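>>> From the sequence below, what's the structure:
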Amino acid sequence: MNKDDVARRGLVLLGCGKMGSAMLAGWLKGGLPAASVWVIDPYPSDWVTAQGVHVNADLPADPAIALIAVKPQMMGDALPSMQALGNGTTLFVSVAAGTPIATFETVLGDRTPIIRAMPNTPAAVGRGITAIIGNGMTGAGHLDLAQSLLEAVGQVVRLDSEDQMDAVTGVSGSGPAYVFHLIETLAAAGVAQGLSPELSMQLAKATVAGAGALAEAAEEDPAQLRINVTSPNGTTQAALEVLMDETDGFPPLLTRAVAAATNRSKELARG
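Numbering: from 1, shown residues only. As a prediction, the model looks like this:
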C-alpha cells in the first residue's frame, strides 16, 4: 500500500477538529487530491467545506485508510459507524489519546490492521512529533504509509510496544503544556524584576522558541548547549544553581510531572 493507493481508493477522516484539520492541510499541500478524501464530522468548519473534499457523504466501499481523529469521549458513538470497514484491507490509524488498540479490535474486528498514534499540538504548525505502534495485522508497508501521512504535521517515531505509549503521552503528548507554562512563569518572573508584561512575554516566547530550534539544529546535545552558555560564576550559573537543585529544582519536579501524566494515561486506558 502506498500514497497512490490512497489517492485511488480514498482516505476517510473521522473527526476534523484542530488535529484533523492540520493533517488534512498537510496532505492536500503534499499533493493528495481533495476528491480522494472523505471527512466525517458533525460540525465541519468553513475551512474544511471549502477544500473540495467529500464532507459527510457516503463512504467509499474499500478506502485505503480510515484515520480516527475524534476526541476519546466521542469514540463510543463515532467508531461503530466505521464497523463495516473492519476485518478488511482498510488500514485504521487512530490519533485519539488514551484509546488502546484493543478497543478498536473489539469494535472493528481482530483481523483489522490498526495503528495507534500519539501526536502533539505543535502539529498545528507542522512542528509536531508523533509516536506510532501497530497491531499484529500491520506490516511494514502499513507503518511506512502511516508514517508518510503523519509526517505532514512533523516528525514520526516508532515504538517497540504499546506499553510505551503512556510514557510518550507524559513526555511529548502533554509536554507542550509544560513548555507553555514555562513561558508563562518565565514572563511573570521578568515582570517581577521590573519588565513590562508585554516585553517580558515577548522575550520569554522568543527565548523558548529559539532555544528549542537551536537544540534541534545543533550537533551538541542539550547538556553541552547548556554548558556553552554558562560562564563560571556568571548570571546563568546563578540561575542554574536554583533550577538544577536536586531537591526542588527541575530534575525532581519534571520527573514527578511526567510520572503523573504517564500514570493518568494508564488510568484512562483502563477506563
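
>>> hey, let's count contacts and neighbours off CA atoms from now on
OK.

>>> any idea of the pLDDT on Ala78?
At Ala78, the model reports a pLDDT of 84.

>>> One more: the one 3 residues further on?
Per-residue pLDDT puts Ser81 at 87.

>>> now Lys266
Here, the pLDDT recorded for Lys266 equals 87.

>>> Relative to Leu253, how far out is it?
Lys266 sits 20 Å away from Leu253, taking CA to CA, to the nearest Å as the criterion.

>>> From the contact counts, what lies against the helix or strand where Leu28 lies?
When secondary structure is defined using DSSP states H and E, the element that contains Leu28 is helix 18-29. Contacting helix 18-29 under the criterion 3 or more CA pairs under 8 Å, 6 or more residues apart in numbering; DSSP states H and E are the following elements: helix 140-150.

>>> and the helix it packs on, what does it pack onto?
helix 18-29, strand 128-134.

>>> May I see the buried residues of it?
When neighbours are counted by 16 or more other CA atoms under 10 Å, the buried residues of helix 140-150 are found to be His142, Leu143, Leu145, Ala146, Gln147, Ser148, Leu149, Leu150.

>>> Please say which of Lys266 and Leu253 ends up with more neighbours.
Lys266 (18 against 15; other CA atoms under 10 Å).

>>> Alpha carbons of whichever helix or strand comes after the helix holding Leu28, in CSV - could you do that?
Per DSSP H and E, the first helix or strand lying C-terminal to helix 18-29 is strand 37-40. Extracted C-alpha coordinates of strand 37-40, given in CSV (Å, rounded to 0.1, in the frame of the first residue of the first chain):
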residue,chain,number,x,y,z
VAL,A,37,-10.7,12.5,1.0
TRP,A,38,-13.9,11.8,2.9
VAL,A,39,-14.4,13.9,6.1
ILE,A,40,-17.0,12.7,8.6
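
>>> what's the average pLDDT for strand 37-40?
Over the span of strand 37-40, the pLDDT mean works out to 96.

>>> follow-up on the earlier one: what's the closest of the buried residues of helix 140-150 to Val157?
Within those, proximity to Val157 (CA to CA) peaks at Gln147, which comes in at 8.2 Å.

>>> Without its sequence neighbours, what residue ends up closest to the closest one?
Computed as CA to CA, 6 or more residues apart in numbering, the closest residue to Gln147 that is not its neighbour in sequence is Val156, at 6.2 Å.

>>> Surely the one you found is in contact with Ile132?
Yes. Counting by CA atoms under 8 Å, Val156 sits close enough to Ile132 to count as a contact (7.4 Å).

>>> Quickly note the distance from the spatially closest residue to Gly20 that is not a sequence neighbour to Gly15.
If you skip the residues right next to it in sequence, Gly20 has Ala69 as its closest partner in space, 5.9 Å away by CA to CA, 6+ apart. With distances defined as CA to CA, the gap from Ala69 to Gly15 amounts to 5 Å.

>>> More neighbours: which of these two?
For Ala69 versus Gly15, neighbours defined as other CA under 10 Å are more numerous around Ala69 (25 against 22).

>>> Would you state the predicted confidence (pLDDT) at the more buried one?
As summarised for this prediction, Ala69 has a pLDDT of 93.

>>> cool, Val12 as well?
We have a pLDDT of 96 for Val12.

>>> Let me know how buried Glu267 is, in neighbour terms.
12.

>>> for Asp160, same thing?
The criterion is other CA under 10 Å. On that basis, Asp160 has 10 neighbouring residues.

>>> does it really touch Ile133, like I thought?
Yes. A contact is recorded between Asp160 and Ile133 when judged using CA under 8 Å, the distance being 7.2 Å.

>>> just the helices in the stretch 51-200 of the chain please.
Taking DSSP state H, counting those that start in this stretch as the test, the helices found in the stretch 51-200 of the chain are 75-78, 101-108, 140-150, 165-168, 175-192, 197-217.

>>> Now those helices in CSV, please, with extra columns for distance to Val39.
Written out in CSV, the entries for these read as follows (distance: least, CA to CA, whole Å):
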stretch, distance to Val39
helix 75-78, 13
helix 101-108, 19
helix 140-150, 16
helix 165-168, 27
helix 175-192, 27
helix 197-217, 33
